[in-house]
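K.L.:
after the sequence you'll find the predicted model.
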Amino acid sequence: MSAKTPAKSAAAKSPAAKSPAAKAKPSPAAPSGSVMVAGRPLHLLKLCVGAESIEDLTDWIAERLADKAARGLPVEHGHITRMVPTRTEELLGGGSLYWVIKGEILCRQRLVDIRPFVDGEGIRRCTLVLDPQVVRVAPRPHRPFQGWRYLKDADVAADLDAAGKGAAGLPAEMERELRSLGLL
C-alpha cells in the first residue's frame, strides 16, 4: 500500500465483539438499517491522513474491498482507531464518520458497527465498521487535530445532492480554489 493509505487495517485479525447495535431498537424515523437513540444521532469527525481528495478515499476503499474479496475475507470496510468511543449507542443510532481532507470536512460514511478489541501488543483499539458508500457534504473548513472527535447532529454539514451543487466533475483542487474565492 502506498503512503496515501488513509488507514491501516488489522480488522482481519480482530475478533468481532458483540455489537451494541444488536441491542438498540429500530426507530420508524431512522434511515433504513439504523436505529435512533435518544432522538438525534451522534457522529465522529476524523482526519483522512494521506488522502488528497474524496476520490483518493473512494479509490482506497474500493482497493481494500477488492483485496478482501480476493482473499476470501468478509467484504466490509473498517477503520482501526486506538480510542474506543464510549457513546456507542448514540453513534450507531444513525451516526456517520465525517472525514476532514486537506483542511475541510468533505464527506462522510455511515457507521455500521463499532468493534472493540485488544491488539497483539495488548493495546485496546476498535474497528469502526463503515458503509463503503462515501457521501459528499457541503465543505466546511476544519483545522487539524489528533484522533477523532464527537460531532453533534446539529453541527454536521449538509449532504450535497448527486450534482454537487454546481461543482460536479471539477477537480478537487479547482473546486477548493473556487470555494476560497466565494464562487461556489
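P.N.:
Looks like it came in fine.
K.L.:
which parts of this structure are helices?
P.N.:
Remark: helices assigned in the chain by DSSP state H are 54-70, 88-91, 172-180.
K.L.:
send over the last one as PDB, restricted to the C-alpha atoms.
P.N.:
Just to be clear, that refers to helix 172-180. C-alpha atoms of helix 172-180 as PDB (Å, rounded to 0.1, in the frame of the first residue of the first chain):
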ATOM      1  CA  ALA A 172     -10.800  18.800  -6.100                       C
ATOM      2  CA  GLU A 173      -8.100  21.500  -6.200                       C
ATOM      3  CA  MET A 174     -10.100  23.700  -8.600                       C
ATOM      4  CA  GLU A 175     -13.300  23.200  -6.500                       C
ATOM      5  CA  ARG A 176     -11.400  24.200  -3.400                       C
ATOM      6  CA  GLU A 177      -9.900  27.300  -5.100                       C
ATOM      7  CA  LEU A 178     -13.300  28.400  -6.400                       C
ATOM      8  CA  ARG A 179     -14.800  28.000  -2.900                       C
ATOM      9  CA  SER A 180     -12.000  30.100  -1.400                       C
END
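K.L.:
for the protein, what spans make up the strands?
P.N.:
42-47, 77-81, 96-101, 104-118, 124-130, 135-141, 148-152 (DSSP state E).
K.L.:
show me what the fourth one is packed against.
P.N.:
Yep, that's strand 104-118 we're talking about. strand 42-47, helix 54-70, helix 88-91, strand 96-101, strand 124-130, strand 135-141 (3 or more CB pairs under 8 Å, 6 or more residues apart in numbering; DSSP states H and E). From N, CA and C alone the C-beta is placed, and that goes for glycine too.
K.L.:
next, format those as TSV and append mean neighbour count, distance to residue 150 and mean pLDDT.
P.N.:
Formatted as TSV, those follow (neighbours: other CB atoms under 10 Å; distance: least, CB to CB, whole Å; pLDDT from 0 to 100):
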stretch	mean neighbour count	distance to residue 150	mean pLDDT
strand 42-47	21	6	94
helix 54-70	15	21	95
helix 88-91	22	8	93
strand 96-101	23	11	95
strand 124-130	20	13	95
strand 135-141	16	16	90
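K.L.:
would you mind giving those as a markdown table with distance to residue 107 added?
P.N.:
Below are the helices and strands packed on strand 104-118 laid out as a markdown table (distance: least, CB to CB, whole Å):
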| stretch | distance to residue 107 |
| --- | --- |
| strand 42-47 | 11 |
| helix 54-70 | 5 |
| helix 88-91 | 17 |
| strand 96-101 | 5 |
| strand 124-130 | 11 |
| strand 135-141 | 5 |
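K.L.:
the residue nearest to residue 119 when sequence neighbours are not counted pairs with what?
P.N.:
Excluding its sequence neighbours, the residue lying closest to residue 119 (CB to CB, 6 or more residues apart in numbering) is residue 125, at 5.5 Å. In this entry, residue 125 is beta-bridged to residue 117, by DSSP bridges.
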